[in-house]
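> Structure here, sequence nowhere to be found:
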């Protein structure tokens, strides 16, 4: 499966320049989500470096917490 922005939601917006908390649900494994550029339009939705992301793998099911390593242009990368 591939990234779908319908599974991406901002749970808690960043306040005062602090990180936001995001939720992403997909059948993709968390290792796939870690790939650079996985969130092809993440920056468009507001993902920023240092944001926190809760990733739910709906196929397994598992839940992991990631931080957004970078968000430039129209892509974002996460690291576990």
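Now that the structure is in, tell me what you want to look at. Being a predicted model, the structure only gives us computed values, none of them experimental.
> Which parts of the protein are helices?
30-33, 42-45 (DSSP state H).
> Please give me every residue in contact with the residue most central in space within the chain.
Residue closest to the average C-alpha location in the chain (Cα atoms, centre = their mean): residue 53, at 5.0 Å. Residue 53 makes contact with 21-24, 47, 65-68, 78, according to Cβ atoms under 8 Å, 6 or more residues apart in numbering. Quick note: C-beta positions are derived from backbone N, CA and C, even for glycine.
> so residue 24 bridges to which residues?
residue 8, residue 55 (DSSP bridges).
> right, and it touches residue 56 too?
Yes: between residue 24 and residue 56 a contact is recorded at 7.1 Å, counting by Cβ atoms under 8 Å.
> ok, these two, which is more surrounded?
residue 24 (24 against 17; other Cβ atoms under 10 Å).
> Filter the contacts of residue 53 down to the buried ones.
Among the contacts of residue 53, those classed as buried by 16 or more other Cβ atoms under 10 Å are 21-22, 24, 47, 66, 68, 78.
> Where does the prediction get shaky in this protein?
1, 73-80 (pLDDT under 70).
> so what does the top strand by length along the chain touch, helix or strand wise?
Longest strand in the chain by number of residues (criterion: DSSP state E): strand 62-72. With contacts taken as 3 or more Cβ pairs under 8 Å, 6 or more residues apart in numbering; DSSP states H and E, strand 62-72 sits against helix 30-33, helix 42-45, strand 52-57, strand 75-79.
> Now the second one: buried residues?
The reference is to helix 42-45. For helix 42-45, by 16+ other Cβ under 10 Å, it's 42-43.
> what helices or strands is that helix leaning on?
Helix 42-45 packs on strand 8-12, strand 62-72, strand 75-79, going by 3+ Cβ pairs under 8 Å, 6+ apart.
> Thanks a lot, see you next time.
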